[in-house]
Structure formats: C-alpha cells, structure tokens
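Enquirer: Here is my input, please return the structure:
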Amino acid sequence: MSPSRRTFLKLAALLPAAVRASAEADPNAGMIERIRPLFKAKTPAQPGDWLAEHKETGQTYAAFRSSVRRRAVDSYSSLRIVPIGPLTAGQTSVLKVVTDILKPFFGLPLELDPPVPLVRIPSSAQRNQFEEEPTQLLTTYLLSDVLVERRQATDAAVLGITAQDLWPGAGWNFVFGQASLNDRVGVWSMARNGDSDASSAMRKRCALRTAMTATHETGHMFGIRHCIAYECGMNGSNQSDERDRQPLEFCAECQPKLWWTLKLDPLARSRALEAVARKHGFTPAAEGFRRQAELLAPR
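Expert: Numbering: from 1, shown residues only. Take a look at the predicted model:
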C-alpha cells in the first residue's frame, strides 16, 4: 500500500460515519441505476391527493443512509404480526396473503401472535363518527397501549392488523394505517379495502390493498419517509382511489433503503416477490418483479 493511500485511510477513519459513507463506493449504486428506468416520476397531485394537502420534502437514498446510524438487521431479526379483533374467513385469507408478501419484501421471518380481543379496547379508544358508520379504533392507543406490549427484543417491528376502521385523533376522519418509528410498532386496517368475503375477485383486491398498506407502514418503521420523487409504494395517500394508482413495490430511491438496512440481496428479493405475486394472481406486480430481476441479474 502506498504512503498516500495509508494517509487517506487514516484521515477517513477520523471522519464522521455519514461523511465516510458518502466517500465510499456504494455497492448498490450500479443496481439502483439498472432499475431506475422501471419507475415513473411522481405525477402531479390531483385535488384531494396526499401531496395536494401535505407539503413534504421527500427523502433520497443518500439522505436515508446518512441519517440511519445502525442497520436494522444488525439489531433485529424478526417481524411480529398481531391481529386485533375478530377476522372473518375471507379476512383470514387476506392476512395469509399479506404475510406471504411481507416475508420476501423485508427478508425477515414473521411471528404471528394470538389476536387481541376487542373487549380489551376501552370505550375511550373507540368511536362511531357517524350514526350508521362502523366503529373506529384509535391508532394512538393501539400503538402505545396494545402493540408495544407485544414487542420482543428481536422484533424490528410489531404490525397490528384489524378489520376495524381506524382514526388517529382529532381532525381526522380515518387512516389506512399508522406507524411509530420510535416504538417500532404499526397498525393497519382492512376496513376500506373491500369485502373479502363477497367473492374471490374482491378478496384478491382486498389482499393487494392490504399488502400495500402493510408494506408502506412497515417501511416507515425502518425510517423511510413518504416518497415524492416516483410512483412508489411509499407515496402518501388520502383515499382508496389514490392508493390504487400506486405500485406495491418501492421505487429506485426507496427500495435500496431496504437493501441497505436489511442487508438484502436485491436479485433474490425480486425473484422471491415475483413467485409470491404469481402464486396469488397479482400478475401486473409479478411482471414488474420479473423485469426488475432481469435488470438486476449479472451481465
């Protein structure tokens, strides 16, 4: 090793971690550029869309790496799912599909806990916003008083799932889900995703919508913010129509955040997701994963 090279390495060791990381060659850089053409730039927000009502700055892959001091997989090795309230036969099938997708999406084994009965939820954490509307559960209570109790030391995240509608507090009508990064807990609802017991087609639609909410909220728990650069699974959404316009997969800025913090093999992940998407009949998503795998394959 040359004297100049030794000097450089000594100086680099004295730099803050974020500065060193930016100075080092990123092993993901080439793969990021390979898949970037697959993702469309974020279209202008329509009236009522998330970005029409919430001004956000977004988060690049580089910004994410500089803000995360320790990779999640260096501290945690599992995900935990906690059903809240009863699930019908169709909703139970939806949960199975969602767990099948979550495993390769994040590359961590899943633990499924016994359900939390609704009688455990106090009246102060429930409401009927309108006379004929179903009961809603308060997300802040579920996060801090129900799910935190289920968290184990190895859990990167505890994911609550319920058939009940959700609301996060004053000023909100509902949310599809909500997560707490600091507490590593999140909750999402099937309530606005369609009647999974009505038909097999509706069950499949409900499963895809629920999986989109699950991956989105879990992404937040790994420190990923809403995406404003591409059409992406980490886009914010105010309504079902807006969410249906978004893809399941994370974009070329957000997906590498998972590769890095969970030490994932991007090619193996894409191939596994293609397989599970085909298994459950999500053909457009499966084709997207197939194209992604082709671009990531060694040349």
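
Enquirer: For the stretch 1-150 of the chain, which segments count as helices?
Expert: Counting by DSSP state H, counting those that start in this stretch, the stretch 1-150 of the chain forms helices over residues 3-14, 17-23, 29-35, 50-53, 61-67, 89-106, 139-141, 148-150, given from the N-terminal end onward.

Enquirer: quick one: contacts of the longest one?
Expert: Meaning helix 89-106. 79, 81, 83, 87, 109-110, 112, 156, 159, 161, 163, 190, 193, 195-198, 203, 206-207, 210-211, 214-215, 218, 222, 248, 258, 262, 269, 272-273, 275-277, 279-280 (C-beta atoms under 8 Å, 6 or more residues apart in numbering). Any C-beta I mention is one placed from the backbone N, CA and C, and that applies to glycine too.

Enquirer: one more time with 6 Å
Expert: Residues outside helix 89-106 that contact it (C-beta atoms under 6 Å, 6 or more residues apart in numbering): 110, 163, 190, 196-197, 203, 206-207, 210-211, 214-215, 269, 272-273, 276, 280.

Enquirer: same question, the fourth one
Expert: Contacts to helix 50-53, defined as C-beta under 6 Å, 6+ apart, come from residues 45, 236-238.

Enquirer: and these, which of them are in helices?
Expert: Among the contacts of helix 50-53, none falls in helices (DSSP state H).

Enquirer: Let's have the residues you listed in JSON lines, adding pLDDT.
Expert: Output for the contacts of helix 50-53, formatted as JSON lines (pLDDT from 0 to 100):
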{"residue": "45", "pLDDT": "92"}
{"residue": "236", "pLDDT": "94"}
{"residue": "237", "pLDDT": "91"}
{"residue": "238", "pLDDT": "88"}
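
Enquirer: Which single one of those is nearest to residue 129?
Expert: For residue 129, the closest of these turns out to be residue 238, at 16.4 Å, with distances computed as C-beta to C-beta.

Enquirer: residue contacts, the closest one?
Expert: With contact taken as C-beta under 6 Å, 6+ apart, residue 238 is in contact with residue 50.

Enquirer: What distance do you get for it to residue 44?
Expert: 15 Å (C-beta to C-beta, to the nearest Å).

Enquirer: Can you pull out the low-pLDDT segments for the stretch 1-150 of the chain?
Expert: In the prediction, the stretch 1-150 of the chain carries residues with pLDDT under 70 at positions 1-24, 131.

Enquirer: give me that answer again for 80
Expert: Across the stretch 1-150 of the chain, the ranges flagged by pLDDT under 80 are 1-25, 129-133.
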